[in-house]
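In: Pasted the sequence and its predicted model underneath.
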Amino acid sequence: MSKRLTPVLILAIGIAGFLFLKMTRPEPAEVSATERSWRVQVQRIEPGTHTPVLPLYGEVTAPEQLTVIATLAGRIGERPVTEGWRVREGDLLVALEDADIRPALAQAEAQVADLEAQIRSEQVRYRNDQVALASEQAILDNARRQLERTRSLVNRNLASREGLEAATDAAARAELTVTTRQRAIEEHPARLQSLEAKLAQAEANLDSTRRDAGRARMIAPFDGIVTDIQVAEGDQVSRGESLLSLYPVDGLELRARVPEMFRGELLDALERGETLMATSTGGQHRFRLVRFAGTSDPSGTEAILELEGEPGGLRPGDLTPVILERAARDNTVAIPFSALYGADSVYLMTPDNRMERARIERVGEARGSNGERRLLVSGEALVSGARLITTHLPNAIAGLRVDVADSGAAAQ
């Protein structure tokens, strides 16, 4: 009997123990759902006047670069300069040998002298023709009278037919001589005009040769730097061959392509007389925007900027990045790029610490006090005292709860 009750008793004790433990267990604490908050940095907005900048990448050029060419064919007699030399106005650059210049000059002078002599000869010939014409006219008159007498004698059978023919031939020859002399006199103005034209051409050639001979010693017309030397002393060169180049120390320009979206704004600023300056990335050089190139293409238009101050180490052909200062804009705010969402949105912090989306207009880039790149924007929501969230949140959405991570970052 007792053996059959033992398992029942054990089971009853287990159930009673389970119920006791369940009744005496501690009550779990209530768990309430709480909203998560994201820690962000903010910037207190103070709209003001800022200068947007435009990064450009341009090539240094020398628009006044001079190419020295040989004015006459000959041999190089002197070339005292070398590549990269800085020369003063009036310094000798290169010179041809005198032995190659003198013959060309003498030939041009001889042509002028020969034509002057031909003109004098033509004038003498004209005077002689006029004198000869009077004599030949008298001979013609005598021959005609003799012909009439002979014809009268033949009609009266007092002279032979042969005598009449001889008188006729003499009159014809005298008339031909007079006609030839008259033609020579009438052609005198044309011959004289032709000789004078040839003389003028020869004199022009002489002037040109003298000019070229004077330029055979090429002198620097301004202070500059020698480059692109093509010849050495003793080289034989032909007329019109390039010898070397010279560009002025002052007057270097930077040509940089500007996107079409900024061209109209910059042109308007130039028309208003505003001075737009650009600075190289290292700050060593400053350039002033003066004009735009006359042609354009789909990628933009070349802006031409003049170098202000000394060129330093700049040389034509250098590729130089610069920062162009555009016209100042009012009611703008410089913000970090991390505050931008998409192309035209930022988030502001509401008084109850929630994110509020605001649309903005991108004005351009700006430079912070420490030189870092910042985004210049404007918008109706960017009022004084508003708090801009500068931390970029991947899950940003309007109404998301945020807290300021660093109170020192709230004012800027």
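Out: Sure thing, it's come through.

In: what's the span of stretch 43-50, first residue to last?
Out: Taking CA to CA, to the nearest Å, stretch 43-50 runs 17 Å from one end to the other.

In: Now Gln146, what are its backbone angles?
Out: phi -60, psi -40 (degrees, to the nearest 10).

In: so who does the closest residue to it other than its chain neighbours touch?
Out: Nearest-residue entry for Gln146: Ala167, 5.2 Å, with adjacent residues in sequence omitted and distances by CB to CB, 6 or more residues apart in numbering. Using the backbone N, CA and C atoms, a C-beta is placed for each residue, glycine as well. Residues near Ala167 by CB atoms under 8 Å, 6 or more residues apart in numbering: 143, 146-147, 149-151.

In: Now with 7 Å, please.
Out: 146-147, 150 (CB atoms under 7 Å, 6 or more residues apart in numbering).

In: Kindly report the same for His188.
Out: Counting by CB under 7 Å, 6+ apart, His188 has contacts Tyr126.

In: hmm, 8 Å instead?
Out: Taking CB under 8 Å, 6+ apart, one finds 122, 125-126, 129 in contact with His188.

In: May I see the PyMOL selection of the buried members of these?
Out: Filtering the contacts of His188 down to the buried ones (16 or more other CB atoms under 10 Å) takes a single PyMOL command:
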select buried, resi 126+129
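
In: okay, who's weakest in the contacts of Ala167 by pLDDT?
Out: pLDDT across these is at its lowest for Leu147, which sits at 73.

In: Could you list the domains of this structure?
Out: 39-50+328-409, 54-63+251-325, 66-97+214-248, 100-213 (automatic domain parsing).

In: So which of the ones you listed is nearest Thr6?
Out: Checking the domains of the chain against Thr6 by CB to CB gives domain 39-50+328-409 as the closest, at 64.3 Å.

In: before we move on, the earlier item: where's the residue nearest to Gln146, which helix or strand?
Out: Secondary-structure assignment from DSSP states H and E places Ala167 in helix 161-186.

In: now do Leu266
Out: Going by DSSP H and E, Leu266 is in helix 260-271.

In: contacts for that helix?
Out: With CB under 8 Å, 6+ apart as the test, helix 260-271 has contacts from 54, 258, 276, 289-292, 296, 298, 300-301, 303, 326-327.

In: Kindly report the same for stretch 295-313.
Out: For stretch 295-313, the external contacting residues (CB under 8 Å, 6+ apart) are 56, 58, 60, 249-260, 263, 266, 277-278, 284-293, 314, 322, 324.

In: Among those residues, name the ones in strands.
Out: Those of those mapping onto strands are 56, 58, 60, 253-258, 277-278, 286-293, 322, 324, per DSSP state E.

In: Now that we have those, which of them are buried?
Out: Applying 16+ other CB under 10 Å to these flags 56, 58, 60, 253-254, 256-258, 278, 287, 289, 292, 322, 324 as buried.

In: could I get the residues you listed as JSON lines with pLDDT?
Out: Below are those laid out as JSON lines (pLDDT from 0 to 100):
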{"residue": "Leu56", "pLDDT": "91"}
{"residue": "Gly58", "pLDDT": "91"}
{"residue": "Val60", "pLDDT": "92"}
{"residue": "Glu253", "pLDDT": "92"}
{"residue": "Leu254", "pLDDT": "93"}
{"residue": "Ala256", "pLDDT": "93"}
{"residue": "Arg257", "pLDDT": "92"}
{"residue": "Val258", "pLDDT": "91"}
{"residue": "Ala278", "pLDDT": "91"}
{"residue": "Phe287", "pLDDT": "93"}
{"residue": "Leu289", "pLDDT": "93"}
{"residue": "Phe292", "pLDDT": "92"}
{"residue": "Val322", "pLDDT": "91"}
{"residue": "Leu324", "pLDDT": "91"}
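
In: Where does the prediction get shaky in this protein?
Out: Applying pLDDT under 70 to the chain picks out residues 1-5, 20, 27-34, 159, 406-412.

In: how far away is the nearest residue to Val249 once chain neighbours are set aside from Arg88?
Out: Among residues not flanking Val249 along the chain, Asp223 sits closest, at 5.2 Å (CB to CB, 6+ apart). Separation of Asp223 from Arg88 (CB to CB, to the nearest Å) stands at 6 Å.

In: So if I had to pick from these two, which one is more boxed in?
Out: Taking neighbours as other CB atoms under 10 Å, Asp223 and Arg88 compare with Asp223 leading, 15 against 10.

In: Alright, calling it a day.
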